[in-house]
Each structure stands twice: as structure tokens, then as C-alpha cells.
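Student: Provided below are the primary sequence and the corresponding predicted coordinates.
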Amino acid sequence: MKKTILILVCCLPVFSCVKTDLINDRVDPKLFISNPLLELKKGGTAHQFEVNYFNYVGKKIENPKVSWSSSDSSVLAITEDGLATGVDFGTATVTATLTTKEEQLTITNSDIVKVSSATLTESIEFLGTIVTTSNYELEGSYTLKVHKDENNVLRLSLGEDYKASTSLPGLYIYLGNNPNSVADAYEIGAVTIFEGAHFYDLPSTISIYDYSYILYWCKPFGVKVGEGQIQ
């Protein structure tokens, strides 16, 4: 009897991170341009826009059928396949539109592009905040950035204000597209630093536009304890 009580007491901290609410794995489908631009050179090399599409459970769907448009074709022209050309100086908005097969929802994503005499440049940095989703302490700022000066390394950096409770059991960090699941997420690894600035260098197979969430998970018990939205 004493042995049984001892086991239950030891397990209480683990199960305290479990929410009693029923988790719904459905998320809003998301479409976003995976290689947006800041500037495109007038009369220069055309830019092939591409998209990532994640369905109602956050699963990436390959080769989605999208339509492309430009708000001002006299400034920036774009084909049905997303090939953009700088026609004249100015600013135009490129929009990708998709109708989902599952729910017949129409979703869009846009990119504002300046056509100038400059060379093509990309937007390659996201900033945000990690927040707790449990009773445990977990917070801090983050930066997701491509480091051009380090062979285009994609790095997830946590700020000096980062703090995580050392009482969290089996804490792991992931990149994912469904805040309620890590089924199709990329596992960065076990959390070994619980306070202060640190970073994770990600493999070259991962693009800065591939994921929408940073997820902290009690891996042994399959429970989310924190998240940060990438946007």
C-alpha cells in the first residue's frame, strides 16, 4: 500500500501539466507564400513565387492548386503559375488564392512587392514570443532568422528573457503547423537550457517558411506546455 501511494505522489507533478479540456485537432487551413519578396528589379530576372499549404489538421499538402494575381499589372506582372516580372517602378500586391477540397474554404495570402532598380531581396526573419499553456513557467522572446553571413544557416534563437521550469518532465521543442499536435512536426530535441539566451541551428532541408508554430511538449505524456506563433 505504501509503495502504491509513493508511486502516485511521484507522478502528480507529471500529470499536473495535463489539461482537462478536450483537444480538438482541427486548425484553420493556412496558405502562405513561401518565398516572398521585399523588392524586385525592374526588367530584371523574373521571380517564381511558391506557396506552402497546410490543411485542416496542419498537414502539408504538396503541389496545391492556387491562382495568382497582381494588384497592378502595369507595375508587376504575374502568370497563372506565379512567375512575377517587374514591369515599372512602383508597388504592387501579389496574392495567392486557394479553395480547399475538404471544406470548400477560400483562403489567400499576399505579399507587397516594390519594383525598383535594386537587386531582388527576400524577407528572412520572424520575431515573436513563447508563452506557457500550462501551470508551469515558460516564457521568452524568440527570433527565427536566416544568417546570410553563416552560409544561410536557419537559426532559432531564444532571448535573454527566456525562462522554463526545471520541473517540466521530458520537455522537448518542436516546429509544427498544428498547435494541438506534433504528429507531423519537426523535433528539434530535448530542452537542456532552462534560462537565458541560447539557439538551435536547423538543418538545411527546413525553410524559414515551412512551419507556423514553435511547440514545447511533455514528450513522455504527449502534452503541450507552451507555444510561440511564427508569423
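Tutor: Great, that's in hand.
Student: If you drop the residues flanking it in sequence, what lies closest to residue 52?
Tutor: In space, and not counting its chain neighbours, residue 52 is closest to residue 34: 4.7 Å by CB to CB, 6 or more residues apart in numbering. Quick note: C-beta positions are derived from backbone N, CA and C, even for glycine.
Student: do the same with residue 214
Tutor: residue 228 (4.0 Å).
Student: now the chain, which segments are flagged as low pLDDT?
Tutor: Scanning the chain for pLDDT under 70 picks out 1-24, 119-123.
Student: Give me the domain ranges for it.
Tutor: For the chain, automatic domain parsing gives the domain ranges 30-122, 124-229.
Student: could these go into a markdown table alongside mean neighbour count?
Tutor: Output for those, formatted as a markdown table (neighbours: other CB atoms under 10 Å):
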| stretch | mean neighbour count |
| --- | --- |
| domain 30-122 | 16 |
| domain 124-229 | 17 |
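Student: ok, residue 184 - contacts?
Tutor: By CB atoms under 8 Å, 6 or more residues apart in numbering, the contact list for residue 184 reads 58, 59, 60, 176, 177, 178.
Student: which ones among those residues are found in strands?
Tutor: 60, 176 (DSSP state E).
Student: which one of the contacts of residue 184 is nearest residue 42?
Tutor: Among the contacts of residue 184, residue 60 lies closest to residue 42 (CB to CB), at 34.2 Å.
Student: can you tell me the helix or strand for the residue lying closest to residue 46 once chain neighbours are set aside?
Tutor: Nearest residue to residue 46, sequence neighbours excluded (CB to CB, 6+ apart): residue 85, at 4.7 Å. Residue 85 is part of strand 83-86, with elements assigned from DSSP states H and E.
Student: Could you list the paired strands of the helix or strand that that strand is followed by along with their orientation?
Tutor: For strand 83-86, the following helix or strand on the C-terminal side (DSSP H and E) is strand 90-99. Using DSSP bridges, the strands paired with strand 90-99 in its sheet are strand 67-70 (antiparallel), strand 106-116 (antiparallel).
Student: quick one: terminal-to-terminal distance for stretch 71-83?
Tutor: End-to-end span of stretch 71-83 (CA to CA, to the nearest Å): 15 Å.
Student: Could you do stretch 204-217 as well?
Tutor: End-to-end distance (CA to CA), stretch 204-217: 24 Å.
Student: picking up where we left off before, what's the residue nearest to residue 52 in contact with, if anything?
Tutor: Counting by CB under 8 Å, 6+ apart, residue 34 has contacts 50, 51, 52, 207, 209, 210.
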